[in-house]
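# my questions are about this predicted structure, shown below with the sequence.
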There are 2 protein chains.
Amino acid sequence: MTENRGRLIVFSAPSGCGKGTMLKYILRDGRFYCSVSATTRKPRNSERDGVNYYFLEREDFLNKVENGEFLEYAEYCGNFYGTLLSEVEERLEKGVNVILEIEVQGAMKIRELRPDALFVFVAPPSLGELERRLRKRGTETDDVIAQRIAKASEEIALAENYDYIIVNAELSKAVEDFFTIVRAESLRAKNSAYITDEVIKNA
Amino acid sequence: MTENRGRLIVFSAPSGCGKGTMLKYILRDGRFYCSVSATTRKPRNSERDGVNYYFLEREDFLNKVENGEFLEYAEYCGNFYGTLLSEVEERLEKGVNVILEIEVQGAMKIRELRPDALFVFVAPPSLGELERRLRKRGTETDDVIAQRIAKASEEIALAENYDYIIVNAELSKAVEDFFTIVRAESLRAKNSAYITDEVIKNA
């Protein structure tokens, strides 16, 4: 790994953990880019191509799969979703850290494909607090909230497969923890062998 | 590992890299303690027992070795030097991070004994800069400086065996890097399994 290469960061959180808001703050730092997924599902009201998703025709999507243009993809409820390599590679080369916002199962696939990636999981302070947050939104029925809590519980149990766990009890601290992790990772000996080469070279 | 347990931190740097000054700043943070080594060598002018070293009689030292009271020890120029477990264990239990200031060969021994330890290496910006710093002190002959540079070069080549490498180009940044590493390490999934347990328990 060279000094200037960016880091591929897999970023997961159960629904309601404030991942979206964290990302908004993280992306204010110019060194980060959040990968836009491609999908074959139709755009909803306010969704824009290239912002929320790359909206592709099914045939187009499958052609790209065949051409090896995807880092990963999956079918979900009859539609395809995937991460295009073009979202990732060039940016990493330019030193930009590329964030993949992805759910736990997909993340574990990336784990095998990309041992160079950094895996960050965002957890709520507690399931009780998560439930309070979901209720506060007032947009979901009791049944849906119960499903989300059950799903979150499953996902949190898999968090140990990530590299880092950030508990989002306070937004600013959680965002700071994220930057702390990225900085510390850049100091890891295995990522900075080039440093010792430099030190010795410049005798 | 539980939330409150401190971290054992092995801290190494070639002579002249500013490790002592960094430690002074690090120790201002009450969560850190720098382990005092035991030795059988005689105290020099201003050295105080329990501050610079624990000065032990040879027999006393070897008794403690036999009783398993040392984490590690070595003989050097006819004297024994070692780290007493009593310097380490109780403090870790109390949540204090214990720093072992130790040279590279000793550090690698600790690596085997204590897989829970965190290994931090401090490097100079370059060997050229290290030489300038050593000359600036004005206390060493050219021969000694050449020896130190050669030794530093050997040690830096082994830095890849540490977990993290901090380049001490600017003191305040190097100290900040140290704290960043310790914070990030507390967020590592393998060190924070208790967190996900807590999250799920408090449903």
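All right, it came through fine. Residues are numbered from 1 along each chain as shown, chains lettered A, B, ... in the order given.
# domains for chain A, by residue range?
A:1-31+A:96-203, A:36-94 (automatic domain parsing).
# any idea which of those domains gets closest to residue B:193?
Residue B:193 sits nearest to domain A:1-31+A:96-203 of all the domains of chain A, at 5.7 Å, using CB to CB. For glycine as for every other residue, the C-beta is placed from the backbone atoms N, C-alpha and C.
# any idea of the mean pLDDT for the closest one?
On average, the pLDDT along domain A:1-31+A:96-203 is 90.
# before we move on, back to that, make CSV out of the domains of chain A and add mean neighbour count and distance to chain B.
CSV is the format used below for the domains of chain A (neighbours: other CB atoms under 10 Å in any protein chain shown; distance: least, CB to the nearest CB, whole Å):
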stretch, mean neighbour count, distance to chain B
domain A:1-31+A:96-203, 17, 3
domain A:36-94, 15, 21
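# tabulate those in CSV, adding columns for distance to residue B:78.
Putting the domains of chain A into CSV (distance: least, CB to CB, whole Å) gives the following:
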stretch, distance to residue B:78
domain A:1-31+A:96-203, 32
domain A:36-94, 54
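# how far away is residue A:92 from residue A:29?
Noted for residue A:92: a distance of 16 Å to residue A:29, by CB to CB, to the nearest Å.
# could you do residue A:144 as well?
When residue A:144 is compared with residue A:29 (using CB to CB), they lie 34 Å apart.
# what sits up against the helix or strand that contains residue A:120?
Per DSSP states H and E, residue A:120 falls inside strand A:118-123. The contact list for strand A:118-123, computed with CB atoms under 8 Å, 6 or more residues apart in numbering or on different chains, reads A:7-14, A:17-19, A:22, A:107, A:111, A:156, A:159, A:161-168, A:174, A:178, A:181-182, A:185, B:189, B:195-196, B:199.
# for stretch A:34-45, same thing?
Stretch A:34-45 has contacts (CB under 8 Å, 6+ apart) with A:23, A:27, A:49-58, A:61, A:64, A:70, A:73, A:79-84, A:87-88, A:98-101.
# from the contacts of strand A:118-123, which land in helices?
A:19, A:22, A:107, A:111, A:156, A:174, A:178, A:181-182, A:185, B:195-196, B:199 (DSSP state H).
# out of the residues you listed, which is nearest to residue A:129?
Distances from residue A:129 to these, taken as CB to CB, are shortest for residue B:199 (8.8 Å).
# how near is that closest one to chain A?
With the distance defined as CB to the nearest CB, to the nearest Å, residue B:199 ends up 5 Å from chain A.
# need the contact list for that residue.
A:123-127, A:156, A:167.
# ok, residue A:4 next?
A:94-95.
# how does it look with 6 Å?
The neighbours of residue A:4, taking CB atoms under 6 Å, 6 or more residues apart in numbering or on different chains as the test, are residue A:95.
# and it, helix, strand or coil?
With DSSP: H, G, I helix; E, B strand; the rest coil as the basis, residue A:4 sits in coil.
# how close does it get to residue A:170?
Taking CB to CB as the criterion, residue A:4 is separated from residue A:170 by 33 Å.
# ok, now residue A:76?
Taking CB to CB, one finds residue A:76 at 33 Å from residue A:170.
# let me know whether residue A:73 touches residue A:82 as I believe.
Yes: the criterion here is CB atoms under 6 Å, and residue A:73 meets it with residue A:82 at 2.8 Å.
# does residue A:100 lie in a helix or a strand, and which?
strand A:97-101.
# relative orientation of that strand and strand A:118-123 in degrees?
Put simply, strand A:97-101 runs at 50 degrees to strand A:118-123, going by axes from the mean of the first three to the mean of the last three CA atoms, to 10 degrees.
# what's strand A:97-101 packed up against?
Applying 3 or more CB pairs under 6 Å, 6 or more residues apart in numbering or on different chains; DSSP states H and E, we find strand A:97-101 packed against strand A:8-12, strand A:32-34, helix A:85-93.
# and the contacts of it?
With contacts defined as CB under 6 Å, 6+ apart, strand A:97-101 is touched by A:6-11, A:31-35, A:88, A:91-92.
# tell me which two in the residues you listed are the farthest apart.
Across those, no pair lies farther apart than A:10 and A:31, at 16.8 Å, counting by CB to CB.
# residue A:19 against residue A:12, yeah?
No: in terms of CB under 6 Å, residue A:19 does not count as a neighbour of residue A:12; the distance is 7.8 Å.
# what is the subsequent helix or strand relative to the strand holding residue A:120?
For strand A:118-123, the succeeding helix or strand toward the C-terminus, using DSSP H and E, is helix A:127-137.
# alpha carbons only: can I get that following helix in PDB?
C-alpha atoms of helix A:127-137 as PDB (Å, rounded to 0.1, in the frame of the first residue of the first chain):
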ATOM      1  CA  LEU A 127     -31.900  -1.800  21.600                       C
ATOM      2  CA  GLY A 128     -34.200   0.100  23.900                       C
ATOM      3  CA  GLU A 129     -32.800   3.400  22.700                       C
ATOM      4  CA  LEU A 130     -33.100   2.300  19.100                       C
ATOM      5  CA  GLU A 131     -36.800   1.500  19.700                       C
ATOM      6  CA  ARG A 132     -37.300   5.000  21.200                       C
ATOM      7  CA  ARG A 133     -35.600   6.600  18.100                       C
ATOM      8  CA  LEU A 134     -37.700   4.600  15.700                       C
ATOM      9  CA  ARG A 135     -40.900   5.500  17.600                       C
ATOM     10  CA  LYS A 136     -40.000   9.100  17.700                       C
ATOM     11  CA  ARG A 137     -40.000   9.200  13.900                       C
END
